[in-house]
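fold the following for me, if possible:
(one chain, ligands or ions: 2)
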Amino acid sequence: MWSFHLVTAILAVSLVSAKELRNLGTEEREIPEGLKLGVATASFQIEGGWDAADKSPSIWDVHSHIPGKIEDGTDGNDTCKSYEYYQRDINMLKFLGVDFYRFSISWPRVLPHGYANKISKEGIGYYSDLVDGLLANGIQPIVTMFHWDLPQVLQDLGGWANPEIAVWFEDYARVLYEALGDRVKIWITMNEPKQFLIFGYGTTRFAPDIISAGTGDYLAVKNMLIAHARAWHLYDKEFRETQKGICGITIATDFREGATNSPDDIELGNLVMDFEVGFYSHPIFSKTGGFPERMIKRIAEKSAEQGFPRSRLPELSQDEINFIRGTSDFYGFNHYSTRFYTTKGYERGMYPIPSYDDDIGAVSDYGIYKEAPIRHTTKIPNGMRKALNWVKDNYDNPEVFITENGYGTLGGKNDVDRIDYYKDYINSVLDAIEVDGCNITYYTAWSLMDNFEWDSGLSAKFGLFEVDFDDEMRTRRPRHSAIWYRNLIATRKLAFTDETHVEEIWF
Ligand SMILES: *[C@@H]1O[C@H](CO)[C@@H](O)[C@H](O)[C@H]1NC(C)=O
Ligand SMILES: *[C@@H]1O[C@H](CO)[C@@H](O)[C@H](O)[C@H]1NC(C)=O
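Residues are numbered from 1 along each chain as shown. Ligands and ions are numbered 1, 2, ... in the order given. Purely as a prediction, here's the structure:
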């Protein structure tokens, strides 16, 4: 059996100055009692075992096997080998002392045919053992049902562009509730719809690599919303009473604002928030339901200009609006950074016509902020507070689970920049809770360990733990940020110290 290894060497490491916290007039800040702390991963990014037992290929297996699709030429065949070594993941979680672990389930591992006619014993057994292992160690499982690895067999029928997917997804959800719902009490149906639908059906960036920009991607969003709602209604009607859990959705809620304070730019910021976030959140969390009005109007206008006989944005019938509205027991909130938008410098033809980007019709950047090595994690902590307030103000202060927040680097064990990022973002979360009255109950660091970062492959590093991908055992070592987060959890204080001790330890 593998357990973790500890040697006695203690390294004193200079971390960050306490300057910023002192500027706030305090040396440390208490983590509010109601806020649980954890980490997250996703199946395709960590499991490997891509053809283990009777698992069928997912769209990301297929995509990453096409030469040239992944920037660094790696694939997801093995990644961290968590399918084999999950016990070591649990040991790492114990070492951190987390309250919970958010992971996702691979649909083609559980249902190799895509449909619920055949449940893989090995596949469901793997997740059942993982859940048992977590609970035995006092770690609460939070389970994402879909984190992008759709069975390829369902993609062959159109995937999210086929309205039948809502039924296939509901059947899959039932399998999961029945097999794991006695122990899993927090379900997340989908992770980040924009990323898997707009990038997946409107660009070549993400699987399934279908370019149906401004039409197929929008259709896929409608189908996803109905699939999500079906899974929620199923839980609500048939499982909630006996299993006593909750079910919701996670939406990428990066902040978008106008580049200046001019009325036009402010309105542009509102429009972009509707495209980027409201497209998914408004139908579920708003009082009226349905897609955001600004978006409906903009896409209708553009579609007419382009000679389409009707808007490219599919309509939701009043029945569909009612069916989708109110179908999340919490707001799952992923956040990494903020972008600033302007129409200055935007020219027709800059983006494909039609497309999501052309419908927005603006350009954006990170403003005055220094771009991070992984750009979409550029540190702009106040943007997180603004995004949390956007959710609070638009949706009547729902309970928010921060289901992802983190910083990407290109490697190295001494990750002062990552600690700096966490420190400032968590500080911003505490402001949102204590000053603004946002109702935030979970905070999740992305990610437990380095993993397969989609189109960037294995080169983009998000881990609190560094993974040695050249080593058969995929040895994991805590980065400085892991020790920092561990201290945060142990003391429940957001503190700035000039040095910390890194134990030489590996898993
Ligand atoms: C991953 O699997 C595919 C399909 O079998 C294979 O072509 C590819 O070489 C494998 N990748 C590695 C790194 O072995
Ligand atoms: C936060 O949300 C939960 C669930 O809706 C609710 O029970 C609780 O009262 C809310 N807390 C605050 C401070 O609004």
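
how far away is whichever residue of the stretch 301-450 of the chain sits closest to ligand 1 from D417?
Closest residue of the stretch 301-450 of the chain to ligand 1, CB to the nearest ligand atom: D450 (16.5 Å). Every C-beta, even on glycine, is put in place using the N, C-alpha and C of the backbone. In this view, D450 and D417 are 15 Å apart by CB to CB, to the nearest Å.

for the two, work out which one has more neighbours and name it.
Neighbour totals were compared for D450 and D417, and D450 leads with 28 against 18 (other CB atoms under 10 Å).

pLDDT value on the closest residue to that one other than its chain neighbours, please?
Leaving aside its chain neighbours, D450 sits nearest to G463 (3.8 Å; criterion: CB to CB, 6 or more residues apart in numbering). pLDDT recorded at G463 is 98.

SS state for G463?
coil (DSSP: H, G, I helix; E, B strand; the rest coil).

wait, it touches L448, no?
Yes. Counting by CB atoms under 8 Å, L448 is a contact partner of G463 at 6.7 Å.

can you list the buried residues in stretch 422-438?
422-433, 438 (16 or more other CB atoms under 10 Å).

out of these, who's near ligand 1?
When CB under 6 Å from any ligand atom is applied, no member of those is adjacent to ligand 1.

JSON lines please, covering the residues you listed and showing secondary structure and pLDDT.
JSON lines is the format used below for the buried residues of stretch 422-438 (DSSP: H, G, I helix; E, B strand; the rest coil; pLDDT from 0 to 100):
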{"residue": "Y422", "secondary structure": "helix", "pLDDT": "98"}
{"residue": "K423", "secondary structure": "helix", "pLDDT": "97"}
{"residue": "D424", "secondary structure": "helix", "pLDDT": "97"}
{"residue": "Y425", "secondary structure": "helix", "pLDDT": "98"}
{"residue": "I426", "secondary structure": "helix", "pLDDT": "98"}
{"residue": "N427", "secondary structure": "helix", "pLDDT": "97"}
{"residue": "S428", "secondary structure": "helix", "pLDDT": "98"}
{"residue": "V429", "secondary structure": "helix", "pLDDT": "98"}
{"residue": "L430", "secondary structure": "helix", "pLDDT": "98"}
{"residue": "D431", "secondary structure": "helix", "pLDDT": "98"}
{"residue": "A432", "secondary structure": "helix", "pLDDT": "98"}
{"residue": "I433", "secondary structure": "helix", "pLDDT": "98"}
{"residue": "C438", "secondary structure": "coil", "pLDDT": "98"}
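
before we move on, the earlier item: the residue nearest to D450: neighbour count?
G463 has 30 neighbours, counted by other CB under 10 Å.

before we move on, back to that, can you check the pLDDT for the residue of the stretch 301-450 of the chain closest to ligand 1?
pLDDT, D450: 98.

V13 too?
At V13, the model reports a pLDDT of 37.

give me the nearest residue to K55, chain neighbours excluded.
The shortest distance from K55 to any non-neighbouring residue, by CB to CB, 6+ apart, is to R109 (4.5 Å).

now the one you found: how far from R310?
To R310, R109 is 40 Å away according to CB to CB.

those two - which one has more neighbours?
Set side by side, R109 and R310 show more neighbours around R109, with 27 against 10, by other CB under 10 Å.

what sits against the more buried one?
Going by CB atoms under 8 Å, 6 or more residues apart in numbering, R109 touches 43, 47, 49, 52-53, 55, 120, 123, 126.

sorry, back to before: can you mark which positions in whichever strand or helix holds the residue nearest to K55 are buried?
Element membership for R109 (DSSP states H and E) is helix 107-110. Using 16+ other CB under 10 Å as the test for burial, helix 107-110 gives 107-110.

give me every residue in this protein lying close to ligand 1.
For the chain, the contact set with ligand 1 under CB under 6 Å from any ligand atom comprises 65, 75, 77.

give the phi and psi angles for the nearest residue to D455 once chain neighbours are set aside, as a check.
Spatially, and ignoring its direct neighbours in sequence, D455 is nearest to R205 (5.4 Å; CB to CB, 6+ apart). Main-chain torsions, R205, degrees, to the nearest 10: phi -60, psi -40.

check R205 and give its pLDDT.
The model's pLDDT for R205 equals 93.

what do you get for I165?
pLDDT, I165: 98.

ok, the one 10 residues further on next?
In the prediction, the pLDDT value recorded for V175 is 99.

thought it was touching H113?
No. Using CB under 8 Å, V175 makes no contact with H113, being 11.9 Å away.

looking at the chain, which residue is nearest ligand 1?
With CB to the nearest ligand atom as the measure, N77 is the residue of the chain nearest to ligand 1, at 3.8 Å.

hmm, W50 and that residue touching each other?
Yes. If you go by CB under 8 Å, N77 and W50 touch, sitting 4.9 Å apart.

that older thread, residues contacting the residue nearest to D450?
G463 sits next to 447-451, 476, 479 when contact means CB under 8 Å, 6+ apart.
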